[in-house]
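model the structure of this input:
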Amino acid sequence: MKVRKSGFTLVEVSLFLAVTALLFLGVTLGVRGSVFQQRYTDSVQSFAEFLRNVYAEVANVEHTGTGRSDLVIYGKLITFDETYDLYGNKITDEENRIFSYTIVGKTGDIGSGDILGALKALEANVLIKEGSSYKFAGITQEYIPRWGAGVQTTAGYAGGYQPFKGTLLVVRHPRSGTINTYYYNTTIEVNNTMRSGSASAKTSLLTSKLNSTNFRTKELDFCINPLGVAKSNTRRDIRLVENARNASGVEIISQDGSENRCGK
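The predicted structure follows:
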């Protein structure tokens, strides 16, 4: 009587291992894709929240004191693509750092006219003199996009994306209290001026640029790139409406909609 041996053939074992490997690979790639998407969503939401918080802080200034009773807080100055950080260290081209400075100025009733002229008359600045030296007024913050994301312009990839540059001014009118938003397409180098600028350059840092030729109302699009400076097929559009008055002026545009100006 023959005894029949049971077991798996080499072909069956090979097939089992191949299927197991494919399943493992599929699960691994799925998890990685899910983590990547979650991180990207987080970076988009984080940047939008950063901008919205700017408006909240301008509208509610109780927690951003200057330590000076003779100065009034008028708003925030946001800079993109500065050359130096808050400590005077040079920022590399691959880094995305955004700075938020508190704007202060003297008190006084200058009527209900142009807000830029009003702030200039009140000697608005983000630096204040203390003795023979200067310091930042109020609270100064550095924001770095989460998970290595990049903040860029709507320009397409032509050997590289263009980092978003310029200066954002979010201020309350000294008399009416109305919040206004202006954009200057040149980056005001606050940290470099603080690091090596002359006394006169520090004193006139903001007032020398407060005019309607430099600062204008404009709709802005910030393209959030999940891969930093590398080429990406996915860039999300965060839009700041023209002359935004509050946090509702910050919009996250649908990735697949026709309104997305950041392309694919």
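
can you list the weak-confidence ranges in the stretch 101-250 of the chain?
Along the stretch 101-250 of the chain, the parts satisfying pLDDT under 70 run over 111-112.

can you show me the helices along it?
115-121, 190-196, 199-203 (DSSP state H, counting those that start in this stretch).

which one of the ones you listed lies closest to L77?
helix 190-196 (7.4 Å; CB to CB). The way it works is simple: take the backbone N, C-alpha and C, and place the C-beta from them, glycine included.

W147 is in contact with D42, isn't it?
Yes - applying CB atoms under 8 Å as the test, W147 and D42 come out as touching, 6.6 Å apart.

returning to that earlier point: and the helices of the stretch 101-250 of the chain as a markdown table, adding mean neighbour count?
Formatted as a markdown table, the helices of the stretch 101-250 of the chain follow (neighbours: other CB atoms under 10 Å):
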| stretch | mean neighbour count |
| --- | --- |
| helix 115-121 | 21 |
| helix 190-196 | 19 |
| helix 199-203 | 14 |
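
of those helices, give the one that comes closest to E82.
helix 190-196 (5.6 Å).

what's that closest one packed up against?
strand 98-105, strand 127-130, helix 199-203 (3 or more CB pairs under 8 Å, 6 or more residues apart in numbering; DSSP states H and E).

out of these, deepest packed?
strand 98-105 (a mean of 24; mean count of other CB atoms under 10 Å).

what's that one packed up against?
For strand 98-105, the packing partners by 3+ CB pairs under 8 Å, 6+ apart come out as strand 72-80, strand 141-143, helix 190-196.

that older thread, include distance to D221 when you put the helices of the stretch 101-250 of the chain into TSV, please.
Putting the helices of the stretch 101-250 of the chain into TSV (distance: least, CB to CB, whole Å) gives the following:
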stretch	distance to D221
helix 115-121	23
helix 190-196	24
helix 199-203	32
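
strands along the protein, start to end?
72-80, 98-105, 127-130, 133-136, 141-143, 150-152, 166-172, 179-184, 220-225, 236-240, 250-252 (DSSP state E).

now the helices and strands packed on strand 98-105 as a markdown table including distance to L206?
Shown next, in a markdown table, are the helices and strands packed on strand 98-105 (distance: least, CB to CB, whole Å):
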| stretch | distance to L206 |
| --- | --- |
| strand 72-80 | 7 |
| strand 141-143 | 17 |
| helix 190-196 | 9 |
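
of these, which is nearest G131?
helix 190-196 (15.4 Å).

which residues are contacting that closest one?
77, 79, 82-86, 88, 99, 101, 126-127, 134, 136, 201-202, 205 (CB atoms under 8 Å, 6 or more residues apart in numbering).

how about a cut-off of 10 Å?
77, 79, 82-91, 97, 99, 101, 125-127, 134-136, 140, 142, 167, 189, 197, 201-202, 204-206 (CB atoms under 10 Å, 6 or more residues apart in numbering).
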